[in-house]
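Enquirer: fold the following.
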Amino acid sequence: MRVGVLSDTHDNVWATRKAAQFLVERGVRVVLHLGDVVAPFTLRALAEGGIEKAYIVYGNNCGEKLGLKRVAEELGYEITEWPRVLEINSRRILLLHGVGSAENTRDIVDSLALSGKYDAVLYGHTHRVDERRLESTLVLNPGEVCGCLTGRKTIAILDLETLSVDIIELQ
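Expert: This next block holds a predicted model:
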């Protein structure tokens, strides 16, 4: 099974819809979103792009949490605070956003990855692509969908069987 991994959409509806359509064209219909959706209408862009199921964690810029939760539930998506542990295809995956500086977020992520409790630790917040292994744990930040800090709009496809990752830059 392959899943899409997105983060930091920041209300860029055009890029969010494009990311969803790109994933669906490649047979991916489940998304793990690592925070900073921001407003409920951005969730609708995922659905309009064809995403059937999404597991989402709130980010530090998600101010309208009740509206996000209501729309997520309408769409059959799940949105929660982070950290969120998912078990998919016998893989234990930790979803989180991040807090404070990029260095602080990375320290938290590294500590969780080195705990050995997860097959993968997925995070957002920094807007920077990060794909690496810490011992047996995959660490992944897909970067930003919005393109607002780095100028790059990136997403990832994660193969849950092999824990291999494809980073894709949207044009």
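Enquirer: now do R84 against C148, distance only.
Expert: Distance of R84 to C148, computed by CB to CB, to the nearest Å: 24 Å. C-beta coordinates here come from the backbone N, C-alpha and C atoms, glycine included.
Enquirer: cool, E48 as well?
Expert: From E48 to C148 the distance is 21 Å (CB to CB).
Enquirer: distance of the most far-flung residue of the chain relative to its centre relative to D110?
Expert: Distance from the C-alpha centroid of the chain, by CA atoms, centre = their mean, peaks at E135 (21.9 Å). Distance of E135 to D110, computed by CB to CB: 11 Å.
Enquirer: and for R70?
Expert: 35 Å.
Enquirer: just the residues contacting stretch 19-27, thanks.
Expert: Contacts to stretch 19-27, defined as CB atoms under 8 Å, 6 or more residues apart in numbering, come from residues 2, 4, 6, 9, 29, 31, 45-51, 145, 153, 155, 157, 168, 170.
Enquirer: run the last query once more with 6 Å
Expert: With contacts defined as CB atoms under 6 Å, 6 or more residues apart in numbering, stretch 19-27 is touched by 4, 6, 46, 49-51, 145, 155.
Enquirer: and what of stretch 94-110?
Expert: Contacts for stretch 94-110 (CB under 6 Å, 6+ apart): 32, 34-35, 57, 59, 82-85, 118, 121-126.
Enquirer: check stretch 39-59 too.
Expert: So stretch 39-59 is contacted by 9, 11, 13, 16-17, 20-21, 24, 29-33, 35-36, 67-68, 71-72, 75, 77-79, 81-82, 84, 86, 95, 97 (CB under 6 Å, 6+ apart).
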